[in-house]
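**Student:** no sequence for this one, just the structure:
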Ligand SMILES: O=c1ccn([C@@H]2O[C@H](COP(=O)(O)O)[C@@H](O)[C@H]2O)c(=O)[nH]1
């Protein structure tokens, strides 16, 4: 059996060749309406196919938000399965935004869902929540390593409510978020060119005071609809800018339903973000 190329190495290559932009696939009911689509499975299918067809051959990462597919039940999940496969076939890395977190034994089932190459939702990476304890993520970390996939751990989320948990002080005197970041850095120790365990750090946060040197990718949501701009990135990420994967959903999707307009919006965002990240 051949050893798969680790996600971190695949992501670095994609960022170097396509630029670091991640576009989120978030089929909000309001966006379906804006695109002239019905808020049903047929509308979801058309929306998703349009985004994948327009962008999967050019952006480094596509990030479907699982919740928007789950709300349609099994037929919505079937649309998600096709989107993952089609996006990967077209060359994009797929980051499943599912934010799973549970006790270890249940985490193993989530890992089977997203990180087992034989599964219908197998993705290049998945978002997970460490707030049942970082150790509870072990089954996902191990499954990802076996598959050559990645795991993005919520550290400092883009929403204002995150601070009450993430900036709380631990018994050791640091913040909860820093403890998470330190554990991510341990997972990535020695990885070259980039570890496969990422951190989620909102682009909305300004200077967090956190040490973001985790030797892994830093997913930066919050650009566009949540108010952050490319100009905010240097303040948030400082010396870690090279590892930032800036993520935009509505800010690009609002350009649809024209495929050309989606491509133009993604290209304009990519250029602005690349300039800001140096
Ligand atoms: O801290 C986080 C973690 C994840 N997200 C997700 O990213 C997108 C953001 O969508 P926009 O339309 O660009 O605001 C969405 O799927 C969130 O669930 C985040 O925003 N913040």
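**Tutor:** That came through, no problem. Keep in mind that what you see is a predicted model, and the values were worked out from it rather than measured. Residues are numbered from 1 along each chain as shown.

**Student:** every contact and neighbour count from this point should use C-alpha atoms.
**Tutor:** Fine.

**Student:** contact partners of stretch 71-91?
**Tutor:** 40-41, 44-45, 48-49, 52-53, 56-58, 62, 64, 66, 69-70, 93-94, 120-123 (C-alpha atoms under 8 Å, 6 or more residues apart in numbering).

**Student:** buried residues of that stretch, list them for me.
**Tutor:** Buried residues in stretch 71-91, counted by 16 or more other C-alpha atoms under 10 Å: 72, 75-88, 91.

**Student:** among those residues, which one lies nearest to the ligand?
**Tutor:** residue 80 (14.0 Å; C-alpha to the nearest ligand atom).

**Student:** for the closest residue to the ligand within the stretch 51-200 of the chain, give me its contacts.
**Tutor:** Here the stretch 51-200 of the chain gets closest to the ligand at one residue, residue 157, 3.2 Å apart by C-alpha to the nearest ligand atom. Taking C-alpha under 8 Å, 6+ apart, we find residue 157 in contact with 200-202.

**Student:** now, the residues you listed that are in strands?
**Tutor:** Counting by DSSP state E, the part of the contacts of residue 157 found in strands is 200-201.

**Student:** the contacts of residue 157: which ones sit near the ligand?
**Tutor:** Counting by C-alpha under 6 Å from any ligand atom, residue 202 from those sit close to the ligand.

**Student:** could I get the contacts of residue 157 as CSV with neighbour count, pLDDT and distance to residue 152?
**Tutor:** Converted to CSV, the contacts of residue 157 look like this (neighbours: other C-alpha atoms under 10 Å; pLDDT from 0 to 100; distance: C-alpha to C-alpha, whole Å):
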residue, neighbour count, pLDDT, distance to residue 152
200, 23, 99, 6
201, 28, 98, 10
202, 29, 98, 13
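
**Student:** run through the residues of the stretch 151-278 of the chain sitting next to the ligand.
**Tutor:** 157-158, 202, 221-226, 248-251.

**Student:** which parts of stretch 87-105 are buried?
**Tutor:** 87-88, 91-102, 104.

**Student:** for it, give the mean pLDDT please.
**Tutor:** For stretch 87-105, mean pLDDT is 98.

**Student:** helix, strand or coil for the residue sitting furthest away from the middle of the chain?
**Tutor:** No residue in the chain has its C-alpha farther from the mean C-alpha position than residue 171, which lies at 30.1 Å (C-alpha atoms, centre = their mean). Of the three states, residue 171 takes coil under DSSP: H, G, I helix; E, B strand; the rest coil.

**Student:** next one: residue 212
**Tutor:** Residue 212 - assigned by three-state DSSP - is coil.

**Student:** my read: it touches residue 241, true?
**Tutor:** No: between residue 212 and residue 241 no contact is recorded; they are 9.7 Å apart, counting by C-alpha atoms under 8 Å.

**Student:** strands along the stretch 151-278 of the chain, start to end?
**Tutor:** 197-201, 218-220, 244-248 (DSSP state E, counting those that start in this stretch).

**Student:** can you lay out those as TSV showing distance to residue 237?
**Tutor:** Output for those, formatted as TSV (distance: least, C-alpha to C-alpha, whole Å):
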stretch	distance to residue 237
strand 197-201	9
strand 218-220	9
strand 244-248	8
